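**Student:** Sequence first, predicted coordinates after that:
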Amino acid sequence: YALKTALHKIIKSHTDQGYWAVWGFIAKHDIDRYYEQDATVLDVYSESPHGVDAHSFTPKSHQCGNYVKEGECYNREHSFPRSWFNSTDPMFSDIHQLFPTDGYVNEMRSNFAFGEVGKVQLQSRNGSKLGKSKTQGYRGIVFEPIDEFKGDIARAQLYMAVRYEDQIASWEK
């Protein structure tokens, strides 16, 4: 706890660039330089690390507007659902917890917690799943990204717990 609080004191102040600035950040920094290396958006809900991607999004031109199915556009996924903190800044626009994701799959995740899915209700083309938790003691609905991106999401969750330790207790649980 002492280490987490010490880290919190170091990172608690940062300049909020606003939610619309996230699009520019994604276009510059969340680019596939690892798998196909094709300058498309590295979407954690569409990327297929060991094969051909089901969907590819061009930065800026495939930003979400309206969508009715998977593969139409990408948007900004809050690893901590924004409803948990009432879309309040700076949490709402904190780039350290935002990921570019397929708009439709992001909507499928909704504000469900991340967890291991037992009984699958819905599955994206890259294998991310929504369904009943298989974790003992919790049988609610959870969302499980593919193994390749679980560490990235865990890092974002840890960051949020450290950065907002003085506010997190009031967030929805």
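**Tutor:** Received, thanks. Note that the coordinates shown come from a computational prediction; the quantities given were computed from them, not determined experimentally. Numbers count the residues shown, from 1 in each chain.
**Student:** Residues in contact with the strand ranked longest in the chain: which ones?
**Tutor:** Using DSSP state E, we find that the single longest strand of the chain is strand 117-123. Outside strand 117-123, the residues that touch it by Cβ atoms under 8 Å, 6 or more residues apart in numbering are M108, K129, L130, G131, K132, S133, K134, I141, V142, F143, E144. Just so you know, the C-beta spots here come from the backbone N, C-alpha and C atoms, and that holds for glycine as well.
**Student:** Buried members of those residues into PyMOL, please.
**Tutor:** In PyMOL, a selection of the buried entries from these looks like this (16 or more other Cβ atoms under 10 Å):
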select buried, resi 108+129+130+131+132+133+141+142+143+144
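**Student:** Out of the contacts of strand 117-123, which is nearest to K150?
**Tutor:** E144 (8.2 Å; Cβ to Cβ).
**Student:** Could you tell me how far that closest one is located from G115?
**Tutor:** 6 Å (Cβ to Cβ, to the nearest Å).
**Student:** One more: M160?
**Tutor:** M160 sits 16 Å away from G115, going by Cβ to Cβ.
**Student:** between the two, which one's more packed in?
**Tutor:** Neighbour count, other Cβ atoms under 10 Å: between M160 and G115, M160 has more, with 22 against 17.
**Student:** For that one, list the residues it contacts.
**Tutor:** Counting by Cβ under 8 Å, 6+ apart, M160 touches S79, F80, M91, D94, H96, Q97, I168.
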